[in-house]
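Visitor: need the 3D shape of this:
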Amino acid sequence: VQLQACGGGLVQVGGSLRLSCVASGGTFSINAMGWYRQAPGKRRELVAGITSGGSAAYADSVKGRFTCSRDNAKNTVYLQMNSLKPEDTGVYYCKREGVYYRGTSYSEIWGQGTLVTVSS
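Guide: Presented below is the predicted three-dimensional model:
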């Protein structure tokens, strides 16, 4: 299983970006998915998560600005980021959360990161 994230880039304060993460191989629809970010010199933190059923939750710092969604037919999870701030700068990672489903354990998997830079 591989997760391929893309969509990062350089954007000005107040701008928008849409990140995508495509899963190839393995399971997807039965797994919760997460978006994490790591700012320079800081620990990786959870930004948004979405259940297999499509319910999303967000870190307080991004509530009202970010929207996480998924398309199980395309094995893709998205992160729409609006009203970006300099503190949103960091490497964004997608993660397939581990799950135990019908007697089989599926481990968590990290994708490679995509860099988001918000300039002021």
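
Visitor: so where's the chain shaky on pLDDT?
Guide: Under the criterion pLDDT under 70, no range of the chain is flagged.

Visitor: ok, what's across the strand from the spatially most central residue of the chain?
Guide: Against the mean C-alpha coordinate of the chain, by Cα atoms, centre = their mean, the closest residue is Trp35 at 2.5 Å. In this entry, Trp35 is beta-bridged to Ala48, Cys94, by DSSP bridges.

Visitor: quick one, what contacts the closest residue to Met33 other than its chain neighbours?
Guide: Excluding the flanking residues, the one nearest Met33 by Cβ to Cβ, 6 or more residues apart in numbering is Val77, at 4.4 Å. All C-beta spots, glycine's among them, are computed from the backbone N, C-alpha and C. The contact partners of Val77, taken as Cβ atoms under 8 Å, 6 or more residues apart in numbering, are 20-21, 23, 33, 35, 50, 68-71, 94.

Visitor: parallel or antiparallel, which strands does the helix or strand encompassing Val77 pair with?
Guide: In this structure, Val77 sits in strand 76-81 according to DSSP states H and E. The strands beside strand 76-81 in its sheet (DSSP bridges) come out as strand 17-24 (antiparallel), strand 66-71 (antiparallel).

Visitor: tell me which residues in the longest one are buried?
Guide: Yep, that's strand 17-24 we're talking about. 17, 19-23 (16 or more other Cβ atoms under 10 Å).

Visitor: likewise the last one?
Guide: With burial defined by 16+ other Cβ under 10 Å, the residues of strand 66-71 counted as buried are 66-68, 70.

Visitor: and the furthest pair within the residues you listed?
Guide: Using Cβ to Cβ, those reach their maximum pairwise distance at Phe66 and Arg70, which is 14.0 Å.
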